[in-house]
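1. Next input, structure requested:
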Amino acid sequence: MSVVTQLVTREPLSAPDTSRGLAVVPNPNHSAPETFEDASTQALLLGSSDLVELSTSLAKLDFRPLSVELVDRRFNRIDADLTDELGDALLTLISQGDIAAVRGFHESPGMDGIFVAQIRLRNRDTGSIFSLAQDGVLMADEANTQEFAQKLADVMHLRLVE
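-> Here you go, the predicted model:
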């Protein structure tokens, strides 16, 4: 069963840990990211650039990008033909694992006013499928959420915490 979670960063709960870590918090009601914040916790507010760069880093760890949802500034889905053209090109670049090329394409005039709202990835080893969306929303099968969160923490150079 697929679950919706919110990615957050947290201060360590106790010594000797001193650095922030990545945590996955259940979000079954699709609450706003800010509702998860307190003195020691911040919602991980991922944007379009973050999604493409993290996905590219994950592609180097045997994650295959499957699809991308492209939207305009108002979060309306863009034309299907344009989505096919730009989305396919973006997915190809992400698969190649070249962050500079992905960044260049994402920031090109052809992508002006177009943003990545969500990207779906498959772990080539386990076959698990995950969706990573803006504002740090993670959707995955409950059994595989921690697996993906650990890989995400690895590419972000963070610890995975409770």
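2. does residue 67 sit in a helix, a strand or a coil?
-> On the three-state scheme (DSSP: H, G, I helix; E, B strand; the rest coil), residue 67 is labelled strand.
3. Next, give phi and psi for the closest residue to residue 150 other than its chain neighbours.
-> When the adjacent residues along the chain are set aside, residue 150 lies closest to residue 160, with 5.1 Å between them (C-beta to C-beta, 6 or more residues apart in numbering). All C-beta spots, glycine's among them, are computed from the backbone N, C-alpha and C. The phi and psi torsions at residue 160 (degrees, to the nearest 10) take the values phi -90, psi 120.
4. and residue 160, how many neighbours?
-> The burial count assigned to residue 160 is 16, neighbours taken as other C-beta atoms under 10 Å.
5. next one: residue 123
-> Other residues near residue 123 number 19, with proximity taken as other C-beta under 10 Å.
6. Please verify my assumption that it contacts residue 63.
-> Yes - using C-beta atoms under 8 Å, residue 123 is in contact with residue 63, at 5.7 Å.
7. For those two, list the residues in contact with both.
-> Overlap between the contact sets of residue 123 and residue 63, as judged by C-beta atoms under 8 Å, 6 or more residues apart in numbering, is given by residue 151.
8. Right, I'll call it a day here.
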